[in-house]
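Trainee: my questions concern the predicted model and sequence given below.
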Amino acid sequence: MSRPAVSRHLRVLREAGLVSANGIGRQQQYRLNRAALASSTRLVRAVHAFEGRGTRRPSNGGRIARASQRGEVTETPAAPRGWRAQSLKSGAHAGR
């Protein structure tokens, strides 16, 4: 890997807070941010465990899809009217 490529990777890690850099002359000395790395590791493990539990099958066993193919279902259930507006007014989606 070239030096510029290494520098780009280290910059991304620094911007993500996973490493810190100290300038010494023209050089940069990098150190791992162990707390941030541990937090990221826990997140990746949690996502991996969550994805491993699921199946690729619909939660209803495909009943709606099969009924739709037979022409028995023309619409799928939707959220009640005004749900989004009400939840936004109540602040349920604050910070998005």
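Mentor: Yep, it's here.
Trainee: can you pull the phi/psi pair for Ile24?
Mentor: Per-residue torsions, Ile24: phi -130, psi 100 (degrees, to the nearest 10).
Trainee: could I get the pLDDT score of it?
Mentor: On pLDDT, Ile24 comes in at 89.
Trainee: separation between it and Leu18?
Mentor: Per C-beta to C-beta, to the nearest Å, Ile24 is found 20 Å from Leu18. Backbone N, C-alpha and C define where each C-beta goes, glycine included.
Trainee: give me the helices and strands touching the lengthiest helix in the chain, please.
Mentor: Scanning the chain for the helix with the most residues, using DSSP state H, yields helix 34-53. Applying 3 or more C-beta pairs under 8 Å, 6 or more residues apart in numbering; DSSP states H and E, we find helix 34-53 packed against no helix or strand.
Trainee: which residues touch that helix?
Mentor: Ala16, Gly17, Leu18 (C-beta atoms under 8 Å, 6 or more residues apart in numbering).
Trainee: ok, so of these, who is nearest Gly71?
Mentor: Ala16 (51.0 Å; C-beta to C-beta).
Trainee: show me the helices in the protein, by range?
Mentor: Counting by DSSP H, the chain has helices at residues 3-15, 34-53, 63-69, 83-89.
Trainee: to Gln28, which of the ones you listed lies closest?
Mentor: Counting by C-beta to C-beta, Gln28 lies closest to helix 3-15 out of the helices of the chain; the figure is 7.5 Å.
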